[in-house]
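> no sequence for this one, just the structure:
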């Protein structure tokens, strides 16, 4: 049982792919493992997936696995001299094809850019280290003025913050990886390069209900349609790396708060990601600013925070997970935490299901219950309760191991797999047995039990009961 409510996601890479390190990361506090399909082969990911499932069996605890699709990569082509240096104020030209790659004809083999770009639009190269502005365009060329100079080298990435590209978020590689991952049994799929709701709908058609679908918010265009994107997604990742390149850095903290609040309002889990403890890639301790960054996400009410390079390629993956665990626990125990969380509580929807879930959270706090036991077949009942950010833990019990694994991303939820209950009386007795078995409650403690009637019917949250553990 974790002694915190927010969850930890860790990216698996060369530094953490061994069964021994995965075991260490889980014990250090990791709840869900991220497999980044931008790197490694399918065989590599299959081995990690098998190792995590073996760890799950050993620990007798559900463990979530998130596959992160690469998405389309916009890059400059090959340059004749491998690198050119451009200076502020000079004019340069990009071409679709036929160039040897010099400063007068920089290859940019992406026809969708030439179709969508307009004069005045910016192109950011190499994570924004070089910024150029389009001045005139033809069918197969772009004339641009250098705004911020620097080096452009082979295959550096290109961001277009003000341009919506007519480009599917799913490349041929993504589609092959997606089918492979779904066959393995991934719990979550993170979709890169989301610009509009139809991007998520396109992925949903391929995924169906085989995994939860998470939209990565890394494009300014997505922010313009964010409520619609959240509506058609199962979860959101605040991907601050690319987002911080394409919007001014000073806007990222406010956008993060907006996204977390919007997800809480919509009852969807939200992960805050990228560079949270970046110093720990190379050293065993974070900066004070990084510790504050993690704490800020927790004060915002995020469901989970994520380690990227820190756990994938860093020298101190386990120490990074332990540090993140310590920061979360310290923040959640701070005297200011509860007042901040309650001050940012969104209004619940005026429906019986949401009202019952909110009442359960309030009641559990009022009577100092040991836990809220939520019977959930789809995860929705537990999510409705978690939206309230109750003072007591949520013991989410479900007959579906797949649902239990997805709940490893949900704030405050300790998921457990149990058989279907057949009657109201069995529901009550099973709740007390489970709370004792999972060490949430002992004799004399109170539990708040929440379920939907009829039992096992997804989407209903309509029954609330207080039970004394005997």
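In hand now; what should we look at? Model, not experiment: these values are computed from the prediction. Numbers count the residues shown, from 1 in each chain.

> which non-adjacent residue is nearest residue 280?
What sits nearest to residue 280 in space, not counting adjacent residues and going by C-beta to C-beta, 6 or more residues apart in numbering, is residue 320, at 4.4 Å. Any C-beta I mention is one placed from the backbone N, CA and C, and that applies to glycine too.

> The host helix or strand of that neighbour - contacts with which helices or strands?
Taking DSSP states H and E as the criterion, residue 320 maps to helix 317-333. If you count contacts as 3 or more C-beta pairs under 8 Å, 6 or more residues apart in numbering; DSSP states H and E, helix 317-333 packs onto strand 7-12, helix 19-28, helix 288-300, strand 304-307, helix 309-312.

> Of these, which is nearest residue 237?
Nearest to residue 237, of all the helices and strands packed on helix 317-333, is strand 304-307, at 7.6 Å by C-beta to C-beta.

> Flag every buried residue along the closest one.
Buried residues in strand 304-307, counted by 16 or more other C-beta atoms under 10 Å: 304-307.

> what does stretch 168-179 give?
Neighbour counts over stretch 168-179 (16+ other C-beta under 10 Å) mark 168-171, 174, 177-178 as buried.

> Dihedrals phi and psi, residue 417?
The phi/psi pair for residue 417 (degrees, to the nearest 10) reads phi -90, psi 130.

> That one is in contact with residue 401, isn't it?
Yes: between residue 417 and residue 401 there is a contact at 5.1 Å, judged by C-beta atoms under 8 Å.

> Please identify every residue contacting each of these two.
Jointly contacting residue 417 and residue 401 under the rule C-beta atoms under 8 Å, 6 or more residues apart in numbering are residue 62.

> Could you measure from residue 173 over to residue 466?
To residue 466, residue 173 is 53 Å away according to C-beta to C-beta, to the nearest Å.

> meant to ask about residue 160
56 Å.

> And those two? Which one has more around it.
Between residue 160 and residue 466, counting by other C-beta atoms under 10 Å, residue 160 is the more crowded of the two (22 against 13).

> Give the closest residue to the more buried one in space, chain neighbours not counted.
residue 123 (6.0 Å).

> Quick one: name whatever helix or strand follows the helix or strand where the one you found lies.
Element membership of residue 123, judged by DSSP H and E, is strand 122-125. Using DSSP H and E, the helix or strand that follows strand 122-125 in sequence is strand 130-137.

> Show me what that following strand is packed against.
Helices and strands touching strand 130-137, by 3+ C-beta pairs under 8 Å, 6+ apart, are strand 122-125, strand 141-148, strand 150-153.

> which one of the ones you listed lies closest to residue 445?
strand 122-125 (55.8 Å).

> remind me which residues of the stretch 1-150 of the chain are low pLDDT?
99 (pLDDT under 70).

> can you rerun that using 80?
By pLDDT under 80, the low-scoring segments of the stretch 1-150 of the chain are 98-101, 103.

> and for the helix or strand encompassing residue 426, what are the contacting residues?
Assigned by DSSP H and E, residue 426 belongs to helix 424-437. With C-beta under 8 Å, 6+ apart as the test, helix 424-437 has contacts from 370-371, 373, 375, 395, 397, 416, 418, 421, 441-442, 445, 447, 449, 451, 453, 455, 465, 467, 469-470.

> What residues does the closest residue to residue 128 other than its chain neighbours make contact with?
Distances taken as C-beta to C-beta, 6+ apart place residue 245 nearest to residue 128, at 4.7 Å, with adjacent residues excluded. Contacts of residue 245 were listed using C-beta under 8 Å, 6+ apart, and they are 124, 127-128, 159, 161.

> same question, residue 47
Residue 47 sits next to residue 17 when contact means C-beta under 8 Å, 6+ apart.

> at 6 Å what do you get?
Going by C-beta atoms under 6 Å, 6 or more residues apart in numbering, residue 47 touches no other residue.

> domains for the protein, by residue range?
7-72+169-330, 83-159, 352-468 (automatic domain parsing).
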